[in-house]
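Visitor: The sequence isn't on hand, but the structure is:
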């Protein structure tokens, strides 16, 4: 399960996707828009992506995680467009027979996604805006 | 003609989602495109130098990589997904 959408994210479809009778661990992450960053009050964020490449990069991350750990499934959904405070920008779920694999893969997927996938967010404040950079932020 | 897709702050600061480049030489590499962009948009040097090229939706770090007008070329500014 791998999608880029413009509508609010729901976790349950990801959990359903990674679940199975032989799965003993389902781990999930939701990246949420918070109301402050770098000492500034944040009003909202706007995300944009280079969709075909972003999907390819995320597919590669999923395949790398499967090679590295014994996993059942991985689900990744990223939202783009305008997001308000408290809304989720990305949801990831992983599953495995035992907890260590799904937890390790979960951290790997979000860390690598943030470092390499061509998606950008612009942060809007009361008095301005800035494009963020995951390397320095 | 070479078409370069640009995003985020590059798209905003260049005022367009795509930059079209005409070059006279027959063999073109990413170095040629990079040099051309730096010459055209000297005020964008910082973000141009912080950006990475992708050719046909794959990152290419070796700027001696040859490109053709049929390639989908993109300039990827520092990413901030998640």
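Guide: Perfect, I can see it now. This one's a predicted model, so the numbers in the text were calculated from it and none came from an experiment.
Visitor: so residue A:92 sits right up against residue A:28, yeah?
Guide: Yes - counting by Cβ atoms under 8 Å, residue A:28 is a contact partner of residue A:92 at 6.6 Å. Backbone N, C-alpha and C define where each C-beta goes, glycine included.
Visitor: Neighbour count: these two, which is higher?
Guide: Neighbour totals were compared for residue A:92 and residue A:28, and residue A:92 leads with 27 against 16 (other Cβ atoms under 10 Å in any protein chain shown).
Visitor: hang on, residue A:63 in a strand?
Guide: No - assignment of residue A:63 by DSSP: H, G, I helix; E, B strand; the rest coil gives helix, placing it outside any strand.
Visitor: what about it, how many neighbours?
Guide: By other Cβ under 10 Å, 11 other residues sit near residue A:63.
Visitor: do the one 5 residues further on as well
Guide: Residue A:68 has 12 neighbouring residues, counting by other Cβ under 10 Å.
Visitor: Next one, pLDDT for it please.
Guide: pLDDT, residue A:68: 98.
Visitor: What's the local residue count around the residue in chain A positioned nearest to chain B?
Guide: Here chain A gets closest to chain B at one residue, residue A:119, 3.0 Å apart by Cβ to the nearest Cβ. For residue A:119, the neighbour count with other Cβ under 10 Å is 29.
Visitor: How about the contacts made by the closest residue to it other than its chain neighbours?
Guide: Sequence neighbours aside, residue B:81 is the residue nearest to residue A:119 in space, at 3.0 Å (criterion: Cβ to Cβ, 6 or more residues apart in numbering or on different chains). By Cβ atoms under 8 Å, 6 or more residues apart in numbering or on different chains, residue B:81 lies in contact with A:47, A:49, A:54, A:78, A:89-90, A:113-114, A:117-121, A:134.
Visitor: tell me how far the ends of stretch A:84-103 are from each other?
Guide: Terminal residues of stretch A:84-103 are spaced 28 Å apart (Cα to Cα, to the nearest Å).
Visitor: which residue ranges form the helices in the chain?
Guide: If you meant another chain, say so; for now it's chain A. A:12-18, A:51-68, A:99-116 (DSSP state H).
Visitor: nope, chain B
Guide: Assigned helices in chain B, in chain order: B:8-14, B:30-40, B:45-50 (criterion: DSSP H).
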